[in-house]
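Student: just the structure for this:
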Amino acid sequence: MSALRRGADAFLFQVMLGLCTFWGVQQVAIKAAAPDIVPMMQAMARSGIAALLVGLVMSWRGDWRRAAGTVPAGLLTGGLFALEFLCIALGLQYTLASHISVFLYTSPIFSALGLHLLLPSERLRRLQWMGIALCFGGITLAFSGGVSLAQMDARMLLGDALGILGGAAWGATTVTIRASRLSEAPPTLTLFYQLAIAFVGLLGLAAVSGQIHQVTLTPLGVGSVLFQGVLVSFASYLIWFWLMRRYLASHLAVFSFMTPLFGVTFGVVLLDEPLSLNFVAGAVLVLLGIFLVNSEPWIRRLLGRAEQGSEP
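Tutor: This next block holds a predicted model:
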């Protein structure tokens, strides 16, 4: 299958530009609509809407027939997915959307570490270890800008930590999929497990915590939920899986690097969020580290071609 996958082209760049724009504005949409619909209820509603749509697609394609033997991994994957969005929902109550956009996308670092331990074929190379070191160095630098006795700074540190925990949950989800029977299952089945279990889990947590009543149906709140449920959780994820079957994974990973950049930009422009020098410098290191971990195979191929071209 990999031999049939293409390298990057103009079509891939255009599609990924659109996807990364959607993914980058997602945290901003949740934050903007939070006064009307609390983030946990937004995450619950978006998961339910998308699960319904994915379930209809699966019925049309007959993907349910391939669910045998995937339930244990599906439950674990769904639980991790719910934890990821719980961390996002809680984190946005304490920190900036631009911060969550960067820290959430540390997920490739955690998935690379997990796959390194579980799968011999996924052993990390020197350049990837360098990327991991840069990423964690960037996190330390970004956090150092908020260390003070001010209550707001302490709350922001808690929100940033929840963003990183969300990234770790996302990374663990990737590891679970790769190391289980879900790796051979239809992408729609994996996505349905994630969405359906997140919907049930977050609904239960919202009921227990009393947040289930913190909903005001305003145009902004309803629009945010529909944007997340239909365009992000349903349409964009299916497009992403479609691209993964047609393009090299390393090239897709490089383009997805644009998402946190969009997230920070939208947070500053649309929500007027401030950026400290420490966070900007730390975010640059985090993004550079993610880039090195994701694009290491691509970089090695380029270096190999350059060496061949320089030979007399």
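Student: can you map out the helices along the stretch 1-150 of the chain?
Tutor: 10-33, 39-61, 71-91, 97-104, 107-118, 126-144 (DSSP state H, counting those that start in this stretch).
Student: and those, which is most packed in?
Tutor: Highest mean neighbour count among the helices of the stretch 1-150 of the chain (mean count of other CB atoms under 10 Å): helix 97-104, with a mean of 28. All C-beta atoms are positioned from the backbone trio N, CA, C, and that covers glycine.
Student: and the angle for that one with helix 71-91?
Tutor: If you take axes from the mean of the first three to the mean of the last three CA atoms, to 10 degrees, helix 97-104 sits at 150 degrees to helix 71-91.
Student: give me the nearest residue to V230, chain neighbours excluded.
Tutor: Excluding the flanking residues, the one nearest V230 by CB to CB, 6 or more residues apart in numbering is I49, at 6.5 Å.
Student: what sits against that neighbour?
Tutor: V225, L226, G229, V230, S233, F234 (CB atoms under 8 Å, 6 or more residues apart in numbering).
Student: T265 versus that one, what's the distance?
Tutor: Separation of I49 from T265 (CB to CB, to the nearest Å): 27 Å.
Student: what do you get for P186?
Tutor: Distance, P186 to T265, by CB to CB: 35 Å.
Student: and those two? Which one has more around it.
Tutor: With neighbours defined as other CB atoms under 10 Å, P186 and T265 compare such that P186 has more, 20 against 16.
Student: the closest residue to that one other than its chain neighbours: neighbouring residues, count only.
Tutor: With sequence-adjacent residues excluded and distances taken as CB to CB, 6+ apart, P186 is closest to D63, at 4.3 Å. Neighbours of D63 under the rule other CB under 10 Å: 18.
Student: also the one 5 residues further on?
Tutor: Other residues near A68 number 9, with proximity taken as other CB under 10 Å.
Student: over to R245?
Tutor: 10.
Student: pLDDT score assigned to it?
Tutor: Note on R245: pLDDT of 73.
Student: quick one: residues contacting Q93.
Tutor: Here Q93 is in contact with A34, P39, G159 (CB under 8 Å, 6+ apart).
Student: confidence-wise, which of those comes last?
Tutor: pLDDT across those is at its lowest for G159, which sits at 90.
Student: what's the closest non-adjacent residue to that residue?
Tutor: Closest to G159 by CB to CB, 6+ apart is T95, at 2.7 Å.
Student: so where's the stretch 151-300 of the chain shaky on pLDDT?
Tutor: 151-152, 248-251, 253-254, 293-300 (pLDDT under 70).
Student: go with 80
Tutor: The stretch 151-300 of the chain contains residues with pLDDT under 80 at 151-154, 244-258, 275-279, 282-283, 286-287, 289-300.
Student: quick revisit: residue contacts, the residue nearest to P186?
Tutor: D63 sits next to V57, P186, T188, L189 when contact means CB under 8 Å, 6+ apart.
Student: leaving out the residues flanking it, which one is nearest to the most centrally placed residue in the chain?
Tutor: For the chain, the residue nearest the mean C-alpha position is Y105 (5.6 Å; CA atoms, centre = their mean). For Y105, ignoring the flanking residues on the chain, the nearest one in space by CB to CB, 6+ apart is P260 at 4.5 Å.
Student: ok, that neighbour - contacts?
Tutor: So, once contact is read as CB under 8 Å, 6+ apart, P260 ends up touching G24, S101, V102, L104, Y105, A283, L287, I290.
Student: which element, helix or strand, includes it?
Tutor: For P260, the host element (DSSP states H and E) is helix 258-271.
Student: got the angle for that helix vs helix 97-104?
Tutor: Using the same axes, to 10 degrees: helix 258-271 against helix 97-104 is 170 degrees.
Student: buried ones in helix 258-271?
Tutor: Within helix 258-271, the residues scored as buried using 16 or more other CB atoms under 10 Å are M258, T259, P260, L261, F262, G263, V264, T265, F266, G267, V268.
Student: got a markdown table for the residues you listed, with distance to R126 too?
Tutor: Shown next, in a markdown table, are the buried residues of helix 258-271 (distance: CB to CB, whole Å):
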| residue | distance to R126 |
| --- | --- |
| M258 | 26 |
| T259 | 26 |
| P260 | 24 |
| L261 | 26 |
| F262 | 30 |
| G263 | 29 |
| V264 | 29 |
| T265 | 32 |
| F266 | 35 |
| G267 | 34 |
| V268 | 35 |
